[in-house]
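Colleague: Fold the following and give me the result.
(2 chains)
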Amino acid sequence: MWWYVGKRLLQTIPVILGATLLIYAMVFLMPGDPIKALFGDKPVNETAVQQLREQYNLNDPFLLQWLKFLQGAVTGDFGQSYTGRPVSEVVANAFPVTIKLAVMALIIEMLLGVTAGTIAGMRKGKLFDSTMLVTSLLVIAVPIFVFAFMAQLVFGVKLNWVSPTVGGDASFQRLILPAIVLGLVSFAYILRLTRTSVAENLALDHVRTARAKGLSDGRVTRVHVLRNSLIPVVTFLGADLGGLMAGAVVTEGIFNIPGVGNLAFQAVQRGETPTVVAVITILVLVYVATSLIVDLIYALLDPRIRYA
Amino acid sequence: MPENTRPGQQRYVAPLEETPLQEVDQLDTSAPPTSLWKDAWRQLRRNPMFIASAILLTFLVIVIAFPGFFTDEPPRKCVLARSYGPAESGHLFGFDRQGCDVFSRTLYGARASVAVGVITTSLIVLIGTIAGAFAGFYGKLVDTVISRTADIFFAIPLLLAAIVILQVVTNRFPDRGFWGGVSAVVGALALFGWPQITRIMRGSVLEVKNLEFVDAARAIGATPRRNLFRHIIPNAIAPVIVTATVSLGIIIVAEATLSFLGIGLPKSVVSWGNDISAATILVRSGDHIQVMLIPAVALMLTVLSFILLGDAVKDALDPKARKR
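Modeller: Below you'll find the predicted structure:
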C-alpha cells in the first residue's frame, strides 16, 4: 500500500512540472507588452520599463523564467501582479469563495445524482427512469449559461426567493442558487453513471446470490449493489472538484461571485500573466491531489483491488 | 412474510428442480454468424432512439446545406426599425435586438456550430485513436511517454486553457472571418480534448491485443504493424466511437459557452453561440426571452440527437447491455 502511494506520488511530479511548463508557454504567447500597458496614455519611461522588466524576470530566457516561478511557487510565493499586489494574496482572497461554491455544488450533485440514479437504475424502463433520463439529457444539451440566466430570472427576479446576484457577501444562502446551476451538468453525469452501474450490478451473480440467501431488498441494495456501483461515480467525483472550480468561470461571471473563475477570466483579458499562471497551477494541483485521493478510496470500496 | 419461506429468509426461494435451467442453457444453432458491425447495424435499425436522432440529424444536414430553402430572409439583413418585433408572416419567430430575423439566423447559425463540433471531434478521434493504440500496443517507453503527455494536457482545465489560447487569437486576429474563427476554436478545444480519447483507446487496445484472433494473425505471419492496423484497431475502436458521438454534442455546447464569454467565434459569424449570448443582455428583465430560447432550443435538439445517437450505438455495440 505505502509502496503504491509512493509510486503514485512520484508519478504526479512530471505531470505537475509539465503542466506548469505548458501553462507558462501558453501565457508567454500572450500578445502585447504588459509593462508598457501600465503607462496607459502617459509617455513610456524606458528606464522604468527596464527596471520593471527586471523585477518581473521578463528579460530572462523562457526556461529560466519558468524555473524562477517554480522556485517561488514551492514556497507559496507566486510573485507580484502587474498592479503591485502579491499574487498569493489576490488568489487567497478568491479561493475560499470558489471552494465553498464548488463543494456545495459537489454535495448537491452527489446527493441528488446518486439517489435519483439508484432509483432509476432499479426501476429501469419505468416512468421515473425515463423522466430522469430525459432530464439529464436536457441538462447536458443546454449551455450552462442559459440555465444560469433562466434560474436568475425565475428564482431571483420573478419569484424573488433568492438574491439574483451574490456580490461581496458570499454567504451560504446567496451561493445556493449558483451552486445548483454549477452542479447541474455533473448531476446529469452522476445520475447516468449511477443508473447504468446499478442496472448492470443488479444482474450480477453475487446480487442474485444475496437475494437467494433471502436478504432484504434494502440490504441487497445498500451492501451488494450500491457499494460496487459507486466505483465509477467516485472516479467521476474526484475529477470533478477541479472541473467545477474551473467551470465556475461562467457561473461566477453571471452571478457576480468574487471567486477564482472571475479572477482568472479577468486576468486573462487584462494580460495579467502572473495571476493566470498562479490560478491555473493551483487548479492543476487540486486535480492531481483529488485523483490521488480517488485512487486510494478505490481500495476501501472494492476489496478486490489490492495495491502490490 | 410470504409462505414457504425458510427461517432467516425474507423471500421465497424456488427449489432447484423447479428452475427450468435446461431451456435457458439451450443454444440457438440456427442463427447465421454475423460480424460485430453487421450485428450492431441490425440492432440499430430497430432502435426507435436511433431512428429519431437519425431523422433529426438528416434534417440538420439539409438545413446546413440549403438554409435558403426554408427562408427567403438573409441572416444579416438587420433593420433597427423592427428591433424586437413580434412574429409576422415570413418571420416565424420575430426579430432580435438588431432587427434581424430570428428564424433565419437560427437556420444559418447551424453551420458554424456544427462545423466546430464535427471538425474538433474528427481531430481528437484521429489523434486519440493513434496515440492510444500506440501506447496500448507497444507499451513500455512508448506508453509512458504518451500516457504522461496525455496526463499533462488532461490536468489543465479545458475551459481555462481554451480561454487563454482564444484570448491570444482574439487579440492578434480580431477579424478572422468564418473559417479563421472556426479553426481557432477547433484548435483550442482539440489541443486539450485528445487525452480523453487516448485513454479510452489505450484501455481498449490493451484488452483486445490479448485476444485469440490477434495471436492467430501473428501465428500466420502478420507483422506487428499489420496486426495493429488491420486487426486490433478495428476491433478496439467501438468505445471511441461511442464517446466521440457524445463529445461532439458537448463540444457544440462548449463553443456556445466560449462565444458567450466573447472569445469563441468572432461576432461577425452567425452562430447559435453568438446569438444566444447576444440575447442574454435583456434576459434578466424577462422581456423578449424567445430571442434567446429559439437558438438555444435548436442547439439543444442538435446536441440531444448526437447524444442519443451515441447511446444507441453504445447499446448496439455492447451485447451485455442488450435487451432480448
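Colleague: Give me the neighbour count for residue 147.
Modeller: The chain I'm using is chain A. Neighbours of residue A:147 under the rule other CB atoms under 10 Å in any protein chain shown: 21. Where C-beta positions appear, they are placed from N, C-alpha and C, glycine not excepted.
Colleague: try chain B instead
Modeller: A total of 19 residues lie near residue B:147 under the criterion other CB under 10 Å.
Colleague: same check, this time on residue A:234
Modeller: 19.
Colleague: Establish whether whichever helix or strand it is part of and chain B are in contact.
Modeller: Per DSSP states H and E, residue A:234 falls inside helix A:227-255. Yes. Interface with chain B: helix A:227-255 contributes A:242-243, A:245-247, A:249-250, A:253 (CB under 8 Å from any CB of the partner chain).
Colleague: Turn those into CSV, including neighbour count and pLDDT.
Modeller: Output for these, formatted as CSV (neighbours: other CB atoms under 10 Å in any protein chain shown; pLDDT from 0 to 100):
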residue, neighbour count, pLDDT
A:242, 23, 79
A:243, 20, 80
A:245, 30, 83
A:246, 26, 79
A:247, 24, 79
A:249, 24, 86
A:250, 22, 87
A:253, 18, 85
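Colleague: Tell me which other helices or strands the lengthiest helix in chain B touches.
Modeller: The longest helix of chain B (DSSP state H) is helix B:102-138. Counting contacts by 3 or more CB pairs under 8 Å, 6 or more residues apart in numbering or on different chains; DSSP states H and E, helix B:102-138 is packed against helix B:48-65, helix B:140-155, helix B:177-208, helix B:233-236, helix B:238-260, helix B:272-279, helix B:290-317.
Colleague: Tell me which of these is the most buried.
Modeller: helix B:272-279 (a mean of 26; mean count of other CB atoms under 10 Å in any protein chain shown).
Colleague: any idea of the angle that one forms with helix B:290-317?
Modeller: Here the directions of helix B:272-279 and helix B:290-317 differ by 150 degrees (axes from the mean of the first three to the mean of the last three CA atoms, to 10 degrees).
Colleague: gap between the helix holding residue A:234 and the chain center?
Modeller: Here the centre of helix A:227-255 is set off from its chain's centre by 5 Å, with CA atoms, centre = their mean, to the nearest Å.
Colleague: Tell me the first helix or strand C-terminal of it.
Modeller: Next element after helix A:227-255 (DSSP H and E): helix A:260-270.
Colleague: hmm, who's touching that following helix?
Modeller: By CB atoms under 8 Å, 6 or more residues apart in numbering or on different chains, the surrounding residues in contact with helix A:260-270 are A:90-91, A:94-95, A:97-98, A:245-253, A:256, A:272-273, A:275-276, A:279-280, A:282-283, B:160, B:163-164, B:167, B:261.
Colleague: got the angle between the helix or strand following it and helix A:227-255?
Modeller: Next helix or strand after helix A:260-270 toward the C-terminus (DSSP H and E): helix A:273-301. Here helix A:273-301 points in a direction 160 degrees away from that of helix A:227-255 (the same axes, to 10 degrees).
Colleague: returning to what we had before: now the helices and strands packed on helix B:102-138 as JSON lines including distance to chain A and mean pLDDT?
Modeller: Listed next are the helices and strands packed on helix B:102-138 as JSON lines, based on distance: least, CB to the nearest CB, whole Å; pLDDT from 0 to 100:
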{"stretch": "helix B:48-65", "distance to chain A": "10", "mean pLDDT": "85"}
{"stretch": "helix B:140-155", "distance to chain A": "4", "mean pLDDT": "89"}
{"stretch": "helix B:177-208", "distance to chain A": "10", "mean pLDDT": "88"}
{"stretch": "helix B:233-236", "distance to chain A": "20", "mean pLDDT": "84"}
{"stretch": "helix B:238-260", "distance to chain A": "4", "mean pLDDT": "86"}
{"stretch": "helix B:272-279", "distance to chain A": "6", "mean pLDDT": "83"}
{"stretch": "helix B:290-317", "distance to chain A": "4", "mean pLDDT": "83"}
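Colleague: Can you add distance to residue A:234 and give those helices back as TSV?
Modeller: Shown next, in TSV, are these (distance: least, CB to CB, whole Å):
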stretch	distance to residue A:234
helix B:48-65	29
helix B:140-155	18
helix B:177-208	17
helix B:233-236	26
helix B:238-260	20
helix B:272-279	33
helix B:290-317	22
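Colleague: between those helices, which gets nearest to residue A:184?
Modeller: Residue A:184 lies closest, by CB to CB, to one member of the helices and strands packed on helix B:102-138: helix B:238-260, at 12.2 Å.
Colleague: For the closest one, output the C-alpha coordinates as PDB.
Modeller: The C-alpha trace of helix B:238-260 is given here as PDB (Å, rounded to 0.1, in the frame of the first residue of the first chain):
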ATOM      1  CA  ALA B 238     -16.100   0.800 -30.700                       C
ATOM      2  CA  PRO B 239     -15.800   2.600 -27.300                       C
ATOM      3  CA  VAL B 240     -14.100   5.500 -29.000                       C
ATOM      4  CA  ILE B 241     -16.900   5.900 -31.500                       C
ATOM      5  CA  VAL B 242     -19.500   6.000 -28.700                       C
ATOM      6  CA  THR B 243     -17.500   8.600 -26.700                       C
ATOM      7  CA  ALA B 244     -16.900  10.600 -29.800                       C
ATOM      8  CA  THR B 245     -20.600  10.900 -30.700                       C
ATOM      9  CA  VAL B 246     -21.400  12.200 -27.200                       C
ATOM     10  CA  SER B 247     -18.400  14.600 -27.100                       C
ATOM     11  CA  LEU B 248     -19.500  16.000 -30.500                       C
ATOM     12  CA  GLY B 249     -22.600  17.300 -28.700                       C
ATOM     13  CA  ILE B 250     -20.600  18.600 -25.700                       C
ATOM     14  CA  ILE B 251     -18.200  20.400 -28.000                       C
ATOM     15  CA  ILE B 252     -21.100  22.300 -29.600                       C
ATOM     16  CA  VAL B 253     -22.100  23.400 -26.100                       C
ATOM     17  CA  ALA B 254     -18.500  24.400 -25.300                       C
ATOM     18  CA  GLU B 255     -18.400  26.500 -28.400                       C
ATOM     19  CA  ALA B 256     -21.500  28.300 -27.300                       C
ATOM     20  CA  THR B 257     -20.000  28.900 -23.900                       C
ATOM     21  CA  LEU B 258     -16.800  30.300 -25.300                       C
ATOM     22  CA  SER B 259     -18.800  32.600 -27.600                       C
ATOM     23  CA  PHE B 260     -20.800  33.700 -24.600                       C
END
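Colleague: counting contacts, what elements does that helix pack onto?
Modeller: Here helix B:238-260 touches helix A:127-141, helix A:144-151, helix B:102-138, helix B:158-172, helix B:177-208, helix B:272-279, helix B:290-317, going by 3+ CB pairs under 8 Å, 6+ apart.
Colleague: repeat that for 6 Å
Modeller: Other helices and strands packing on helix B:238-260, by 3 or more CB pairs under 6 Å, 6 or more residues apart in numbering or on different chains; DSSP states H and E, are helix B:102-138, helix B:177-208, helix B:272-279, helix B:290-317.
Colleague: so can I have a markdown table of those showing distance to residue B:50?
Modeller: Putting those into a markdown table (distance: least, CB to CB, whole Å) gives the following:
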| stretch | distance to residue B:50 |
| --- | --- |
| helix B:102-138 | 19 |
| helix B:177-208 | 22 |
| helix B:272-279 | 24 |
| helix B:290-317 | 4 |
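Colleague: closest one to residue B:251 among the ones you listed?
Modeller: Proximity to residue B:251 (CB to CB) singles out helix B:102-138 among the helices and strands packed on helix B:238-260, at 4.8 Å.
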